[in-house]
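A.B. asks: Please work out how this folds:
(one chain, ligands or ions: 1)
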Amino acid sequence: MRGDILELGSYLGRSAVVLGDLLRPGERLTVCDLFDSEAGDAENAAEMTMSYRSSLTRSAFEANYLAFHPELPVIVQAPTSVLADGRVPAGSCRFVHVDASHLYEHVVGDIEVARRALAEDGLVVLDDYRSEHTPGVSAAVWQAVFTAGLRPVLLTPMKFYGTWGDPEPVREVLLARDWRAEGYTVDEDTIADLRVLRLNYVVQPPAAARSGPRRLLLELLPPVATRAVRRALRALRGRRAAGAAGPR
Ligand SMILES: C[S@@+](CC[C@H](N)C(=O)[O-])C[C@H]1O[C@@H](n2cnc3c(N)ncnc32)[C@H](O)[C@@H]1O
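C.D. replies: So this is what the prediction gives:
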């Protein structure tokens with residue numbers, strides 16, 4: 001399946017960096033976040049003050065993203081509600097990551113933005129759908145399942161993966177994968193006649209699956225990428241390039 005990728009809520013770029021890795025030629029990543037702008041309502045403003053560092057998140061996002069990718073994604077610095085205006089064309093996306101406000105009313109809106117942006121059989125990923133501190137997300141997610149045709153595909157400890165299209169093709173792909181080798185088990189549940197897979201961590205993934213410079217750097221990257229981090233990354237790339245060009 002081809003299509004663009006959209007992220008609602010990017011903060012310092014951790015998930016956006018990974019989404020950028022998934023882009024294929026001709027595809028576009030759009031991220032939408034308030035960054036350092038004012039929230040549009042008092043509850044959202046209180047959430048922002050409580051949860052996120054208030055300054056420099058846009059420039060920190062850009063620095064972090066550019067440490068891993070040559071070009072920035074399309075950045076919409078605004079409340080996610082602006083995306084209802086159709087600036088992300090309807091049906092243009094194959095993957096939408098929703099990780100912005102945790103307030104019920106906002107998440108309902110974000111799910112609607114995702115539904116409209118997704119192509120048939122595209123996947124939406126909803127973060128924090130069952131965290132203790134985010135009951136509004138849980139309410140909005142399961143409401144979309146029971147009243148708006150969202151079909152669960154995969155539940156992980158943190159994320160709900162679903163589609164408004166046919167969940168079977170992606171289920172088959174998921175079931176064919178050797179999850180145990182990567183340190184997970186997969187169970188199957190039925191919720192109101194909807195079949196859903198559940199991914200559980202059983203053991204630490206084997207060292208081979210955990211290592212790799214990019215994964216390591218992602219884990220080590222501090223909240224704000226410093227010049228030193230970026231310099232180190234460039235040096236690493238340079239050394240790799242030199243190694244590849246050198247004698248075999
Ligand atoms: C949980 S963080 C995102 C984390 C990010 N996806 C990651 O993996 O590192 C939530 C982000 O949503 C943004 N946010 C909160 N309410 C928003 C709203 N109404 N519109 C746009 N962004 C919002 C915050 O600025 C914050 O950067």
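
A.B. asks: who's in contact with A90?
C.D. replies: Counting by C-beta atoms under 8 Å, 6 or more residues apart in numbering, A90 makes contact with 116-117. Using the backbone N, CA and C atoms, a C-beta is placed for each residue, glycine as well.

A.B. asks: Quick check on it: phi, psi?
C.D. replies: phi -60, psi 140 (degrees, to the nearest 10).

A.B. asks: Do you know the pLDDT at it?
C.D. replies: With respect to pLDDT, A90 has a value of 97.

A.B. asks: among the helices and strands of the chain, which one scores worst on average pLDDT?
C.D. replies: Ranked by mean pLDDT, DSSP states H and E, the weakest helix or strand in the chain is helix 213-220, scoring a mean of 46.

A.B. asks: Close to the ligand: what parts of this structure are there?
C.D. replies: Contact residues, the chain versus the ligand (C-beta under 6 Å from any ligand atom): 9-12, 14-15, 32-34, 39, 44, 48, 52, 79-80, 99-101, 106.

A.B. asks: out of those residues, which are buried?
C.D. replies: 9-12, 14-15, 32-34, 39, 44, 48, 79-80, 99-101, 106 (16 or more other C-beta atoms under 10 Å).

A.B. asks: do you know how far the residue nearest to P135 when sequence neighbours are not counted is from P152?
C.D. replies: Sequence neighbours aside, Y104 is the residue nearest to P135 in space, at 7.9 Å (criterion: C-beta to C-beta, 6 or more residues apart in numbering). Distance from Y104 to P152, counting by C-beta to C-beta, to the nearest Å: 19 Å.
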